[in-house]
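# For reference, the sequence and a predicted model appear below.
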Amino acid sequence: MKKLLLIVVTLGLIASQLMAQTDPKAQEILKGVSAKYKSCKTLSASFKLNILDQKSKKTTAQSGTVALKGTAYNFAMNGQTVMCDGKTTWTYMKESNEVQISDNKPSADAISPTTIFTMYEKGFKSKFLADKTVAGKAVQLIELTPDDNKKNYFKIQLTIDKAGKYVNEAKVFDKNGNIYTYSIVKFTPNAAVTDDLFSFNKSKYPGVEIVDLR
């Protein structure tokens with residue numbers, strides 16, 4: 001699960017501009033998407049995650065939610081909830097009723113809840129692939145290739161809602177032959193979220209075991 005979180009939680013710092021070596025059309029589209037997200041004070045989304053193991057041809061399906069406010073986030077999936085107020089991170093595991101506390105140390109190499117929608121802004125070359133219509137919606141496909149070939153994935157394909165200017169789907173292709181597909185089910189910009197969503201309140205979890213890793 002922690003490896004999965006590291007891939008999802010490859011959602012860090014937001015860069016101010018795209019890399020120079022990129023497709024001009026892809027760059028224009030991504031700048032529009034970036035402006036859309038940066039205009040939001042908060043956002044929330046529900047999503048589905050499908051993991052395809054191309055070797056075994058097996059697919060695993062999961063679902064989750066994410067809420068963002070600046071550098072703070074709440075990310076829930078598969079019985080785990082990760083809360084972060086920008087300084088401290090709490091990882092709560094429902095099955096064991098345990099919470100692990102650690103300092104928030106964003107990695108520039110990670111895809112984390114705070115970068116899931118803007119991961120393309122730094123460290124990638126981008127290429128426009130096509131305009132398509134999916135489920136009656138006009139979308140644009142863009143492929144990202146990491147500048148660092150030591151990363152555990154070799155490309156990401158983004159499906160962008162053309163009218164809404166938000167990432168509707170992201171496919172991460174890793175070097176082990178797995179494809180992680182994140183599909184946004186519902187996206188709410190400027191969602192009504194409160195600060196208590198981004199920190200752990202032990203009074204809401206009777207008998208919780210606290211493991212402080214700081």
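Perfect, I can see it now.
# low-confidence ranges in the protein?
Applying pLDDT under 70 to the chain flags the ranges 1-22, 106-116.
# list the buried ones in the helix ranked longest in it?
The helix that spans the most residues within the chain, counting by DSSP state H, is helix 24-38. Within helix 24-38, the residues that qualify as buried are 26, 27, 29, 30, 33, 34, 36, 37, counting by 16 or more other Cβ atoms under 10 Å. Every C-beta, even on glycine, is put in place using the N, C-alpha and C of the backbone.
# Do I have it right that the last one meets residue 120?
No: taking Cβ atoms under 8 Å as the definition, residue 37 is not a contact partner of residue 120, at 10.9 Å.
# Neighbours of residue 195, how many?
Number of residues near residue 195 (other Cβ atoms under 10 Å) recorded here: 9.
# can you pull the contacts of it?
Residue 195 makes contact with 69, 72, 85, according to Cβ atoms under 8 Å, 6 or more residues apart in numbering.
# Need the phi and psi values for it.
Phi and psi for residue 195, reported as degrees, to the nearest 10, are phi -60, psi -30.
# Relative to residue 175, which of the contacts of residue 195 is nearest.
Residue 175 has its nearest neighbour among the contacts of residue 195 in residue 72, at 31.9 Å by Cβ to Cβ.
# Next, the residue lying closest to the closest one once chain neighbours are set aside: phi, psi?
In space, and not counting its chain neighbours, residue 72 is closest to residue 198: 3.9 Å by Cβ to Cβ, 6 or more residues apart in numbering. Backbone torsions of residue 198, given as degrees, to the nearest 10, read phi -100, psi 10.
# Kindly provide the distance from residue 198 to residue 34.
According to Cβ to Cβ, to the nearest Å, residue 198 and residue 34 sit 23 Å apart.
# again, but for residue 152
Distance from residue 152 to residue 34, by Cβ to Cβ: 25 Å.
# cool, residue 134 as well?
Taken as Cβ to Cβ, the span from residue 134 to residue 34 is 22 Å.
# just residue 54 next, same as before
For residue 54 relative to residue 34 (Cβ to Cβ), the value is 31 Å.
# residue ranges of the helices in this protein, please?
Under DSSP H, the chain gives helices at 2-8, 24-38.
# Check what contacts the last one and list those residues.
Which is helix 24-38. With contacts defined as Cβ under 8 Å, 6+ apart, helix 24-38 is touched by 14, 18, 43, 117-118, 120-121, 126-128, 140, 142, 160, 164-167, 189.
# Just the C-alphas of that helix, formatted as CSV.
Extracted in CSV, the C-alpha atoms of helix 24-38 (Å, rounded to 0.1, in the frame of the first residue of the first chain):
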residue,chain,number,x,y,z
PRO,A,24,4.0,24.3,-28.3
LYS,A,25,0.4,23.1,-28.6
ALA,A,26,0.7,20.8,-25.5
GLN,A,27,2.4,23.7,-23.7
GLU,A,28,-0.5,26.1,-24.5
ILE,A,29,-3.1,23.5,-23.3
LEU,A,30,-1.2,22.8,-20.1
LYS,A,31,-0.8,26.4,-19.3
GLY,A,32,-4.5,26.8,-19.5
VAL,A,33,-5.0,23.9,-17.1
SER,A,34,-2.4,25.2,-14.7
ALA,A,35,-4.2,28.6,-14.7
LYS,A,36,-7.5,26.9,-13.9
TYR,A,37,-6.1,25.0,-10.9
LYS,A,38,-4.2,28.0,-9.6
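# Right, I'll leave it there.
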